[in-house]
Structure formats: C-alpha cells, structure tokens
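Peer 1: let me see the structure of the following:
(one chain, ligands or ions: 1)
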Amino acid sequence: MLDDAINKARGKSVTVHAPGTVANMVCGFDVLGLALNDPYDIMTIQLIEEPTVVIHNVDSYGLPVEPQKNVAGVALLEMIERLHRKTGFDITIEKRIKPGSGVGSSAASSAGAVVAANHLLGNIFNNNELVQMAMFGEKLASGVKHADNITPCIMGGVTLIRSIMPLDIISVPSPPLYVTVVHPQIEVRTEDARQILKKQILLKDAIRQWGNIAGLVAGLIKSDYELIGRSLEDVLIEPVRSILIPAFAEVKAKSLEAGALGGGISGSGPSIFMLSKDEATALAVENAMKDVYAATGIAYHTYVTTVNTQGVKIVK
Ligand code: HSE
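Peer 2: Numbering: from 1, shown residues only. Alright, predicted model coming up:
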C-alpha cells in the first residue's frame, strides 16, 4: 500500500499554506495555541529517489539548506525514517513568517512540510504522527519538543496539548475572535526566552495559573467573552519574559483601554497579541499599538487577523 502511494506520488507536487500561530495564549505555557489566518508560509514538495531532503529557500532569510540544520528538513528526515523506503523529498520554502517573531515561524516550516509530504503520499499518517514528526523541528529550533505551535498549525483553531508524551491533543471550540499583533523588528530566540525562565514556581502562583487556563478553556467552549478576557492572565512567564519586549506594559494597557479582551506575549515573543470580539475593536487596538511603538523609535509591523480554523491548507 505504501509502495503504491509512493509510485502514485512520483512526478506530482503539492503546495501548501502553513499558518502562523500564537502559542501559550497567555496563561497556557506549552499547552495552548491558536492558528492565524495571516501570516502564512508557502511550500511546495515533491518526491525524489534518494532518501534525503533537498531544500530550496525562495525568501531573504538565509535559513540553512542542509536538512539536519533546517526545521522542515529534520521533520522530513524523520518521515523518511518512518517510511523505510528509498525515497526522499525536494521542498521549496517561501517564508513569509519572519523567524524569531513569536508567531510560530519554525512550526509553520516543520508542520507545513510534513502535512504537504503526507498529502503527496495519500495521507498515510494521522495528525498525532504528523505532530510527532514536526516536533523534531521544534527541538532543533528551541532545544525542546513542544507542540503548542505545531498542533494548531496542523489542525487549525485553538488546541490544547494536555500531554506530549504520550501525545494527547484536544481541539477547543472557540467563538469568533479577532487577533491584533504587533511585531517589533527585533529577534527573540525561543531557546534564549526559555532559558531565562524560573525552574520552580510557587504553589500560590500555580493555583492562579491553572485557574486561568481552566477559565480560558471554559470561556472558549461557552463563548463567554468576559471569562476569556479575565482568564488571559499569566503570573508565571510574562513577568520574566516581558523585560525582553520594549514597551510591553504600555502596549498591553493601551490595548485594554481600546477594548481588547486581553492578550500578552505571542509564543516566546517579541510579538504581542491581543484578542478582540469584533473587527472595529481589533482595529482600534492596532491603532493603540501603533501609537505606543511609534513613540519608541523601534521599527514594527502590525496586523489584524482572525482565527484560522483549517490549519495547513493544500492549495494545489
Ligand atoms: N511554548 C513555547 C514557549 C512557544 O513559550 O517557549 C514558543 O513559540
């Protein structure tokens, strides 16, 4: 059956859009994430005879083309390992999600690559297997396996990763949400942003945090925007990481004043995201973010988008 799938795939190509993602969703460090409709990476894949990965980058980020050093490369090498066949992949990657931005750039590469390859092979792997393979990319990018960007990237929507070993993924239904993001043009490496975290936490802080995680998940399921808003609080990670992000407190305060439900650091930063109930509020939040950043003199990009409910999209 696998040999048939490989024979059928020869000479064909698959192109995908792999979406950016917001990991953690403020309180859910390493366990919650949501997919965005914008930005996304574009990737095209085809089979080759040799069991290796050939990478072509068609963007200006200068990412490595050696498969062992590239997040899409290591995820595909893991797939080749699992295929046990004399076959490999040729992949062309156009990154539109800037590496080190905090909106899941590495996850888009590794998740997009495995979903595209899987589609080419007639979807022989299930979502859990795809997440496991894509996590090799996250391990390369940040030193640890985490699935809170990869899972929403593959499946769309909001996802809860209750455990990565064994993998236990839950899709969390969500009401319509607008997402406003400000991306200061500085790079924060996830690996560095993880190293500065405290290794131990106080029980009273843990209680507050798991109350918020439970509140956020319940708020999403019940479409209770007020509950979502008050659960978007992080007493563990944000106090440490926010020092890496210029004007973080001011962006947050002005966004809340503009009507945002809440928000915080996107993934490991430096991007900051805010959730809003409607587009007008999301645009007002964008203006508030622009006002704050214009005064800092730091270059920045902002965008307003919505939750991507589909995940990696096959476009051809
Ligand atoms: N949960 C990860 C972290 C996401 O915050 O380090 C990185 O995008």
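Peer 1: give me the residues contacting stretch 280-287.
Peer 2: 178-180, 182, 255, 258-260, 274, 276, 302-304 (Cβ atoms under 8 Å, 6 or more residues apart in numbering). For every residue, glycine as well, the C-beta is placed using N, CA and C.
Peer 1: so can I have JSON lines of those showing pLDDT and distance to residue 114?
Peer 2: Listed next are the contacts of stretch 280-287 as JSON lines, based on pLDDT from 0 to 100; distance: Cβ to Cβ, whole Å:
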{"residue": "178", "pLDDT": "98", "distance to residue 114": "29"}
{"residue": "179", "pLDDT": "98", "distance to residue 114": "25"}
{"residue": "180", "pLDDT": "98", "distance to residue 114": "30"}
{"residue": "182", "pLDDT": "97", "distance to residue 114": "30"}
{"residue": "255", "pLDDT": "98", "distance to residue 114": "35"}
{"residue": "258", "pLDDT": "98", "distance to residue 114": "38"}
{"residue": "259", "pLDDT": "98", "distance to residue 114": "39"}
{"residue": "260", "pLDDT": "98", "distance to residue 114": "34"}
{"residue": "274", "pLDDT": "98", "distance to residue 114": "31"}
{"residue": "276", "pLDDT": "98", "distance to residue 114": "32"}
{"residue": "302", "pLDDT": "97", "distance to residue 114": "31"}
{"residue": "303", "pLDDT": "95", "distance to residue 114": "26"}
{"residue": "304", "pLDDT": "98", "distance to residue 114": "29"}
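Peer 1: and the furthest pair within these?
Peer 2: 259 and 303 (17.7 Å; Cβ to Cβ).
Peer 1: and the contacts of stretch 280-287 as TSV, adding distance to residue 5, secondary structure and neighbour count?
Peer 2: Below are the contacts of stretch 280-287 laid out as TSV (distance: Cβ to Cβ, whole Å; DSSP: H, G, I helix; E, B strand; the rest coil; neighbours: other Cβ atoms under 10 Å):
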residue	distance to residue 5	secondary structure	neighbour count
178	40	strand	22
179	37	strand	26
180	42	strand	27
182	44	strand	25
255	48	helix	30
258	51	coil	20
259	50	coil	16
260	46	coil	25
274	44	strand	30
276	44	strand	26
302	43	strand	18
303	38	strand	18
304	41	strand	18
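Peer 1: among those, which one lies nearest to residue 97?
Peer 2: residue 303 (11.3 Å).
Peer 1: need the contact list for the closest one.
Peer 2: Here residue 303 is in contact with 38-39, 180-181, 183, 286 (Cβ under 8 Å, 6+ apart).
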